[in-house]
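Student: This is the structure alone, sequence omitted:
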């Protein structure tokens, strides 16, 4: 790219000044220059640690169990200046969402070591973030097909697996982000993904079909779990999934307003939850994950709250409320908890990922 030449810009200014449509042309030139400048300028992921270790749940005098760590919304530091906001507005670039420097509608999260994977449905892309070097790259298409609704994501040994609910496919990408293959069979609406890393099994929630499908790492069909209904092992629009360190599968059975648990073999192992606005009940359960003590975290999206249960379904704690401040949520979706008990929450309609820490009892 040639260096910027101020003399050439002055010549353009003079040319447009004596044009009958000078002001409109100058304004268009200003916008073009702004977009080109920001598109070409290098940027990095910006981690907001302003409130790190300052917010705890529950509050005193009780012993804290959850603490706030950091948040992430800007995946390219180009947006930090006011010029971009003047031209593109405050809500990120919804006119060109795939190239937005911000997260728009992060829905699902997966973390593998120092790499954070985000399925951003509002930006029609998957964002892969190197948390060590604070750099991000985007995957916007699967071969010739651009993403329409990337919803679920997992990763394993350099391979990335993405479900697109509108394209009705689950795609496999290599470590360079190139399309490597896709899962066998057909789906009605594939949404969440979860992986059993020890057994090499990937689960796919086919929400409209009311089943959970099982596949190997190459995408070969291994059968399914469940059918439509309200009994044990039956589903009514299942969405988010999680596999714990013992290989147990947790399913958010969304419109049955409950969580179901299955053994690694796919056998029903328990459930908890009911519809209602009481703290222990659900109004719109979505993301689910477990910490190292086996506690179960569920995002009750409509309540803008994360609820923590024992595996038996006893409510232990809840945190978060509707809002835009640190620790608040606006229709949160996915949750991921890593081996260090860092809790990643897709704060979907605030356009950010927030990270918390589970504090084990001493």
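Tutor: Nice, I can see it. These numbers come from a predicted model, not from an experiment.
Student: contacts and neighbour counts: CA atoms only from here.
Tutor: Will do.
Student: center of the protein, which residue is that?
Tutor: residue 108 (2.9 Å; CA atoms, centre = their mean).
Student: so that residue touches residue 335, yeah?
Tutor: Yes: using CA atoms under 8 Å, residue 108 is in contact with residue 335, at 7.1 Å.
Student: Mind listing the shared neighbours of those two?
Tutor: Here residue 108 and residue 335 have residue 346 as joint contacts, going by CA atoms under 8 Å, 6 or more residues apart in numbering.
Student: before we move on, the earlier item: find the residue closest to the residue nearest to the centre of the chain in space, skipping its chain neighbours.
Tutor: Sequence neighbours aside, residue 334 is the residue nearest to residue 108 in space, at 4.5 Å (criterion: CA to CA, 6 or more residues apart in numbering).
Student: Return the residues in contact with that neighbour.
Tutor: So residue 334 contacts 107, 108, 109, 240, 286, 287, 288, 299, 345, 346 (CA under 8 Å, 6+ apart).
Student: Roughly how far does residue 321 sit from residue 147?
Tutor: 31 Å (CA to CA, to the nearest Å).
Student: Looking at the two, which one has more neighbours?
Tutor: Of the pair residue 321 and residue 147, residue 147 is the one with more neighbours under other CA atoms under 10 Å, namely 24 against 16.
Student: hey, where'd the helices end up in the chain?
Tutor: Secondary structure of the chain, counting by DSSP state H: helices at 6-17, 22-40, 82-88.
Student: Quick check, pLDDT for the residue nearest to the centre of the chain.
Tutor: Listed pLDDT for residue 108 reads 98.
Student: Would you mind pulling the contact partners of the strand ranked longest in the chain?
Tutor: Determined from DSSP state E, the single longest strand within the chain is strand 66-74. With contact meaning CA under 8 Å, 6+ apart, strand 66-74 is reached by 45-58, 101-103, 326-327, 351-359.
Student: Of those residues, select the buried ones using a ChimeraX command.
Tutor: In ChimeraX, this line selects whichever of these come out buried by 16 or more other CA atoms under 10 Å:
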select :45,46,47,52,55,56,57,101,102,103,326,327,351,352,353,354,355,356,357,358
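Student: which ones among the contacts of strand 66-74 are found in strands?
Tutor: 46, 47, 48, 56, 57, 352, 353, 354, 355, 356, 357, 358.
Student: now the residues you listed as a markdown table including distance to residue 218 and pLDDT?
Tutor: Putting the ones in strands among the contacts of strand 66-74 into a markdown table (distance: CA to CA, whole Å; pLDDT from 0 to 100) gives the following:
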| residue | distance to residue 218 | pLDDT |
| --- | --- | --- |
| 46 | 35 | 95 |
| 47 | 35 | 96 |
| 48 | 37 | 97 |
| 56 | 42 | 97 |
| 57 | 42 | 98 |
| 352 | 32 | 98 |
| 353 | 30 | 98 |
| 354 | 32 | 98 |
| 355 | 31 | 98 |
| 356 | 33 | 98 |
| 357 | 34 | 98 |
| 358 | 34 | 98 |
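Student: Identify the farthest-apart pair in these.
Tutor: 46 and 57 (25.2 Å; CA to CA).
Student: ranges for the strands of the stretch 251-362 of the chain?
Tutor: 258-262, 268-272, 285-290, 296-300, 305-309, 315-319, 335-337, 342-347, 352-358 (DSSP state E, counting those that start in this stretch).
Student: Can you tell me which of these is packed in deepest?
Tutor: Neighbour counts (mean count of other CA atoms under 10 Å) averaged over each of the strands of the stretch 251-362 of the chain peak at strand 285-290, with a mean of 28.
Student: Next, report how far it is displaced from the centre of its chain.
Tutor: In terms of CA atoms, centre = their mean, to the nearest Å, the centre of strand 285-290 is set 12 Å apart from its chain centre.
Student: One more: stretch 333-349?
Tutor: With CA atoms, centre = their mean, you get 8 Å for stretch 333-349.
Student: Neighbours of residue 312, how many?
Tutor: Neighbours around residue 312, by other CA under 10 Å: 11.
Student: what's the answer for residue 99, then?
Tutor: Using other CA under 10 Å: residue 99 sits among 17 other residues.
Student: now do residue 276
Tutor: Residue 276 has 12 nearby residues by other CA under 10 Å.
Student: For it, which residues are in contact?
Tutor: Counting by CA under 8 Å, 6+ apart, residue 276 has contacts 282, 283.
Student: how far away is it from residue 283?
Tutor: 6 Å.
Student: ok, for residue 327, nearest residue in space, not its chain neighbours?
Tutor: residue 320 (5.7 Å).
Student: measure that neighbour to residue 67 for me?
Tutor: Counting by CA to CA, the gap from residue 320 to residue 67 is 11 Å.
Student: So these two - more neighbours on which side?
Tutor: More crowded of residue 320 and residue 67, by other CA under 10 Å: residue 67, with 23 against 18.
Student: Show me what the more buried one bridges to in the sheet.
Tutor: For residue 67, the beta-bridge partners are residue 56, residue 357 (DSSP bridges).
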